[in-house]
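Q: Compute the structure for the input listed below.
(one chain, ligands or ions: 2)
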Amino acid sequence: MARPQDQQAPLVITTGEPAGIGPELVLMLAAKQPSDWVAIGDPQLLNHRARQLGLDIELVCVAPGERLPEPRIGRLAVWPVALHVDCHPGRIDPANGRYVLELLDLAVAACLDGRASAMVTAPLHKGAIREAGYNDFIGHTEYLRDTCAVEEVVMMLATDSALHGQADGRQQALRVALATTHLPLKDVAAAIEPHSLERVLRILAADLQRWFGVESPRIAVCGLNPHAGEGGHLGREEIEIIIPVLERLRGEGMRLDGPLPSDTLFTPRHLEGVDAVLAMYHDQGLPVLKYAGFGRAANITLGLPLIRTSVDHGTALDLAGTGQADPSSLGVALALAADMVRSR
Ligand SMILES: NC(=O)C1=CN([C@@H]2O[C@H](COP(=O)(O)OP(=O)(O)OC[C@H]3O[C@@H](n4cnc5c(N)ncnc54)[C@H](O)[C@@H]3O)[C@@H](O)[C@H]2O)C=CC1
Ligand SMILES: NCC(=O)COP(=O)(O)O
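A: Ligands and ions are numbered 1, 2, ... in the order given. I've put the predicted structure just below:
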């Protein structure tokens, strides 16, 4: 369906794992501020969760591409997608794994054909996706890479204060990108290989320029091993893979520090003037980012042909249905996506 000419394509939020906190975070935002964005999810689930939390929300179902209702506090526009089976907060059911992917498929299609301007994702449960039989990918990042048929994407998380300008070295202003995403630790070293490391650095530098206005990004690159390999005595990936890639890209003019020992890289003196840190793996970089700004950070997938931002947390099954989850990171992700749309 064609979008009404006088209405800008809206941002869409996929409500994610139905048993997690995603649906209620979306409802909480709609209860606080007029929403000119659309949620994608099951209307009955949203209605039920709203009642459970005592939130007075008017749900307005619209077909994708159709005109949205006037934004108003307490009103939420929904592109409806039906659950496959009933859902209980906190209890994942692999039978709804396909549902979670249907939300993403609709959001991707709408971003690519212009019915949506960008997508923001509430968390999915990676175990539930695997248990539903989807073994080719594990998270949004990998699913979006494959669905959009691009070879490489980069996961970057940024604290709120680092989103609108240069990271200035203060602990809370931090952008952390990952050279590898969701891998068992035992597979990480083998996944650090020259071709993909080079692609990751190129995407990171290009998207820092494109989306964050950093003209000549300075990127600090972590080593993989303790003390960045201690001159080869604690691992050879730095000498054989990381240093040659960095030297090649420096030869093209890229501003790259490292590889640096990651235990000291994340200190204010080393972060000064650095626009982003590239960590080699998930738990090398993200604990620092979350220490600096959990709940006030967003996740951005760089290198896609569409804009996708997300929350800095997971499905928090322990909080689902309680009303205790904090919607701030979803707010940050939404604001960032809106900024990115404006700057496009
Ligand atoms: N973007 C996404 O789709 C993401 C999905 N996940 C998935 O979420 C699932 C659970 O992952 P965990 O490692 O347990 O991380 P988690 O972030 O769901 O929970 C970790 C802790 O943080 C708390 N927490 C999380 N979000 C919160 C919020 N908004 N307000 C207040 N407290 C909050 C939880 O209650 C829990 O104590 C996994 O399947 C994981 O793969 C994790 C991160 C991102
Ligand atoms: N910890 C970040 C994370 O797991 C992001 O996952 P996803 O956005 O790829 O689903």
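
Q: What is the neighbour count of the closest residue to Asp36 other than its chain neighbours?
A: Leaving aside its sequence neighbours, Asp36 sits nearest to Pro71 (C-beta to C-beta, 6 or more residues apart in numbering; 4.6 Å). (Glycine included, C-beta is placed from N, CA and C.) Using other C-beta atoms under 10 Å, Pro71 has 15 neighbouring residues.

Q: same thing with Asp93?
A: 19.

Q: again with Asp36
A: 14.

Q: so it sits in a strand?
A: No - according to DSSP: H, G, I helix; E, B strand; the rest coil, the state of Asp36 is coil, so it is not within a strand.

Q: Contact partners for it?
A: 10-11, 68, 71 (C-beta atoms under 8 Å, 6 or more residues apart in numbering).

Q: Next one: the residue nearest to Asp36 from Lys126, what distance?
A: 33 Å (C-beta to C-beta, to the nearest Å).

Q: now Val12
A: For Val12, the distance to Lys126 - C-beta to C-beta - is 21 Å.

Q: So these two - more neighbours on which side?
A: Set Val12 next to Lys126 and count neighbours by other C-beta under 10 Å: Val12 wins out with 26 against 18.

Q: quick check, the more buried one in a helix?
A: No - Val12: not assigned to a helix; according to three-state DSSP it is strand.

Q: Now do the closest residue in space to it that isn't next to it in sequence against ligand 2, distance only.
A: Using C-beta to C-beta, 6+ apart and skipping residues adjacent in sequence, the residue nearest Val12 is Ala116, 4.5 Å away. Distance, Ala116 to ligand 2, by C-beta to the nearest ligand atom, to the nearest Å: 18 Å.

Q: from what I can see Ala116 touches Ile13, true?
A: No - using C-beta atoms under 8 Å, Ala116 is not in contact with Ile13; the gap is 10.0 Å.

Q: Show me the common contact partners of these two, please.
A: By C-beta under 8 Å, 6+ apart, the residues touching both Ala116 and Ile13 are Val38.

Q: sorry, back to before: quick check, nearest of the contacts of Asp36 to ligand 2?
A: Nearest to ligand 2 among these is Leu11, at 16.7 Å by C-beta to the nearest ligand atom.

Q: quick one: that closest one from Leu157, how far?
A: 19 Å.

Q: Counting neighbours, what do you get for Leu46?
A: 25.

Q: same deal with Thr309?
A: By the other C-beta under 10 Å criterion, the neighbourhood of Thr309 contains 26 residues.

Q: Tell me the helix or strand right after the helix or strand it falls within.
A: Assigned by DSSP states H and E, Thr309 belongs to strand 308-311. Remark: after strand 308-311, the chain's next helix or strand is helix 328-343, criterion DSSP H and E.
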